[in-house]
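Colleague: next one to model:
(one chain, ligands or ions: 1)
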Amino acid sequence: MDSPVETRRFVLPHVAAMEGYVPGEQPQGGSFIKLNTNENPYPPSPKAKQALVDAVDDRLRLYPDPTGRAFRETAAALHGVEPDMILAGNGSDDVLTILTRAFVGPGDLAAYPTPSYLLYSTLIKLQNGREHVVPFDDAWRLDVSGFLEPGVKLAYLANPNSPSGTALSPAEVARLAERLECPLVVDEAYGDFAREDCVSLVKTHPNVIVTRSFSKGYSLAGLRLGYLIADPSIVHELNKVKDSYNCDALSLAAGKAALEDQAYLAETRAKILATRARLADALSELGWSVTDSQANFVWALGGPDAEATFQELKRRNIFVRLMRYPGYPTGLRITVGTDAEVERLLEVLREIA
Ligand SMILES: Cc1ncc(COP(=O)(O)O)c(C=O)c1O
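Modeller: Numbers count the residues shown, from 1 in each chain. All right, here's what the predicted structure looks like:
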């Protein structure tokens, strides 16, 4: 068998030089409280589960609809856009990959803020592109001019942002889009928990592309489904880039039913927002500084030693995410769990404070 050193030379040099994206820990088996990858603590809509079961029959012998027409019609109706403005993907990560492959070539510049979603860097590096990183200020605002580096081919903005949970208003995003000469990807993976969204900007600003996920608001991280909303001319081009059958029949069926059950989304969302407020208040009382989160997690900084707290929580089978960004203090990103999970977390934090 070839040694790793010998096989590595077959790989494109820019890929061999990369670290690769490291997803949050996914502990298997055992009993633990998992607050590290922003999954939803509540089950998916019963209607989505039923649609999944109903889709398990002999039709699985056939390839799925390549562009998920029925799913796109439902998503389009929900957002008040046309079905040809929707493109579905195998999670919103797949959608982000398609976008990066379409817009960023070797040597091209792509911009994203920091601290933010680390996958943007990985996707740019995979294209052998160059990164232009724009820092958030202390109040989690962005200096728009920071994005205006000549030659930027694509800009990403997680809104709400991770790890901060903070969000720019649609008016601020519109101002950024107006000054950019390239597409602006507004990554709304956490949009279901936010006060506002940027979907309407797609119609007024053709360079705005909004991405959405089923992993957070719809409790379907295990299914892998996401989509984007963009000008039809952009979607037309992106269809050439995606894998022919990038979404399977089961995901498309369950995703459609989940979108149709907005009452269920509203119910679980309300519970998560109430728990988020309690968690943020309690962390502040314990000495942490907590950002104004519009997502299903909070970002806690400046309290007791973050690394030691993370390790002690882990020892007690409570998983949160320790995140380090150069130039920023190390913090804990804590997913909003059920009330019982958050109570247990707080009990331990009080004990070890
Ligand atoms: C900002 C952001 N965008 C996108 C994703 C990916 O979501 P999906 O599960 O739909 O691929 C995540 C996942 O954590 C995220 O934090």
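
Colleague: ok, which stretches of this protein are strands?
Modeller: 33-34, 86-89, 109-114, 130-135, 152-158, 184-188, 208-213, 226-229, 289-290, 297-301, 318-319, 321-323, 331-335 (DSSP state E).

Colleague: in terms of secondary structure, what does the fourth one contact?
Modeller: Meaning strand 130-135. strand 109-114, helix 119-126 (3 or more CB pairs under 8 Å, 6 or more residues apart in numbering; DSSP states H and E). Heads up, the C-betas are built off the backbone N, CA and C, glycines and all.

Colleague: next one: the first one
Modeller: In terms of contacts (3+ CB pairs under 8 Å, 6+ apart), strand 33-34 is packed against strand 318-319, helix 339-352.

Colleague: any chance of the strands of the chain in CSV with distance to Arg101, mean neighbour count and mean pLDDT as columns?
Modeller: Conversion of these to CSV gives the following (distance: least, CB to CB, whole Å; neighbours: other CB atoms under 10 Å; pLDDT from 0 to 100):
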stretch, distance to Arg101, mean neighbour count, mean pLDDT
strand 33-34, 32, 20, 94
strand 86-89, 12, 27, 98
strand 109-114, 12, 22, 98
strand 130-135, 16, 17, 96
strand 152-158, 10, 25, 98
strand 184-188, 13, 27, 98
strand 208-213, 14, 27, 98
strand 226-229, 13, 27, 98
strand 289-290, 37, 18, 96
strand 297-301, 29, 26, 96
strand 318-319, 32, 20, 96
strand 321-323, 27, 19, 94
strand 331-335, 28, 27, 97
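
Colleague: let me have those in JSON lines, extended by distance to the ligand.
Modeller: Listed next are those as JSON lines, based on distance: least, CB to the nearest ligand atom, whole Å:
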{"stretch": "strand 33-34", "distance to the ligand": "13"}
{"stretch": "strand 86-89", "distance to the ligand": "8"}
{"stretch": "strand 109-114", "distance to the ligand": "11"}
{"stretch": "strand 130-135", "distance to the ligand": "16"}
{"stretch": "strand 152-158", "distance to the ligand": "4"}
{"stretch": "strand 184-188", "distance to the ligand": "5"}
{"stretch": "strand 208-213", "distance to the ligand": "3"}
{"stretch": "strand 226-229", "distance to the ligand": "4"}
{"stretch": "strand 289-290", "distance to the ligand": "18"}
{"stretch": "strand 297-301", "distance to the ligand": "9"}
{"stretch": "strand 318-319", "distance to the ligand": "14"}
{"stretch": "strand 321-323", "distance to the ligand": "10"}
{"stretch": "strand 331-335", "distance to the ligand": "10"}
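
Colleague: about what we covered before: any idea which of the helices and strands packed on strand 33-34 is most buried?
Modeller: Greatest average neighbour count among the helices and strands packed on strand 33-34 goes to strand 318-319 (a mean of 20), per mean count of other CB atoms under 10 Å.

Colleague: quick one, what contacts Lys49?
Modeller: For Lys49, the contacting residues are 43, 254, by CB atoms under 8 Å, 6 or more residues apart in numbering.

Colleague: local confidence estimate at the residue nearest to Thr335 when sequence neighbours are not counted?
Modeller: Counting by CB to CB, 6 or more residues apart in numbering, Leu35 is the residue found nearest to Thr335 once chain neighbours are left out, at 4.1 Å. Predicted confidence (pLDDT) for Leu35: 97.

Colleague: could you check how far Leu35 is from the ligand?
Modeller: Per CB to the nearest ligand atom, to the nearest Å, Leu35 is found 13 Å from the ligand.

Colleague: again with Val320
Modeller: 14 Å.

Colleague: list the contacts of that residue.
Modeller: 35-36, 310, 313, 332-335, 345.

Colleague: and of the residues you listed, the nearest to Val298?
Modeller: Ile334 (5.4 Å; CB to CB).

Colleague: make sure that closest one is actually in contact with Val298.
Modeller: Yes: between Ile334 and Val298 there is a contact at 5.4 Å, judged by CB atoms under 8 Å.

Colleague: need the residues of the chain near the ligand, please.
Modeller: By CB under 6 Å from any ligand atom, the part of the chain that sits against the ligand consists of 38, 91-93, 117, 158, 162, 187, 189, 213, 215, 221, 226.

Colleague: farthest pair in the residues you listed?
Modeller: Most distant of those, by CB to CB, are Ala158 and Ala221, 16.7 Å apart.

Colleague: mind listing what's buried in the longest helix along the chain?
Modeller: Longest helix in the chain, counting residues (DSSP state H): helix 262-285. Residues of helix 262-285 classed as buried by neighbour count (16 or more other CB atoms under 10 Å): 264-265, 268-269, 272, 275-276, 279-280, 282-283.

Colleague: possible to save the residues you listed as a markdown table with pLDDT?
Modeller: Putting the buried residues of helix 262-285 into a markdown table (pLDDT from 0 to 100) gives the following:
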| residue | pLDDT |
| --- | --- |
| Tyr264 | 98 |
| Leu265 | 98 |
| Thr268 | 98 |
| Arg269 | 98 |
| Ile272 | 98 |
| Thr275 | 98 |
| Arg276 | 98 |
| Leu279 | 98 |
| Ala280 | 98 |
| Ala282 | 97 |
| Leu283 | 97 |
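
Colleague: looking at the residues you listed, which one is closest to Arg69?
Modeller: Leu265 (22.7 Å).

Colleague: contacting residues for that closest one?
Modeller: 45, 192, 217-218, 258.

Colleague: can you rerun that using 7 Å?
Modeller: 192, 217-218 (CB atoms under 7 Å, 6 or more residues apart in numbering).
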